[in-house]
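Trainee: next come a sequence and a model predicted from it.
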Amino acid sequence: MTRAAIPGLRAHSQAEELRSYDAEAPDGTWIGRLDHLAWGLSSNLLCYFTDEGSGLKHRLSVFSRQGYRPYEAGPAFDEEALGGRYEIRTARSGAGWPKFLAASKLEKRDSRAHIL
């Protein structure tokens, strides 16, 4: 997805669905699928993930001052394609919000049926 193709939060075609993503994320490492991206209101990019282990939906932010990357390591999410799978590490910030620390891209699962 190109930067220009990422919609703003207010004009997003899936705005109703985006409301189902929680701003809470688990502390620790988990596997997430990138479902949506939306430009936020304060030089941030909102990343919407579904946790593959729990099925819960989480919203995390990356910021322009980090090149739209997680705080410690990971790809620039303004250049990532939807549907990608990531190993994600999050922890609480001093204010109690989830902090997107790191992400590493994983291979997509092979969804083809295997015939034995």
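Mentor: Cool, got the structure.

Trainee: model confidence score at the residue nearest the centre of the chain, please.
Mentor: By Cα atoms, centre = their mean, the chain has its centre lying nearest to Cys47, at 3.3 Å. With respect to pLDDT, Cys47 scores 96.

Trainee: can I get stretch 92-100 in CSV, CA atoms only?
Mentor: This file holds the C-alpha atoms of stretch 92-100, laid out as CSV (Å, rounded to 0.1, in the frame of the first residue of the first chain):
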residue,chain,number,x,y,z
ARG,A,92,2.5,-0.5,28.9
SER,A,93,3.8,3.0,28.7
GLY,A,94,4.3,5.1,31.8
ALA,A,95,0.7,6.5,31.2
GLY,A,96,-0.7,2.9,31.0
TRP,A,97,-1.2,2.8,27.2
PRO,A,98,0.1,0.0,25.1
LYS,A,99,3.4,0.9,23.5
PHE,A,100,4.3,-0.7,20.2
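
Trainee: what does that stretch contact?
Mentor: 23-25, 27, 47, 58, 60-62, 70-71, 88, 90-91 (Cβ atoms under 8 Å, 6 or more residues apart in numbering). (Glycine included, C-beta is placed from N, CA and C.)

Trainee: wait, which of those residues is closest to Glu107?
Mentor: Top of the list for closeness to Glu107, among those and by Cβ to Cβ, is Ile88 at 15.3 Å.
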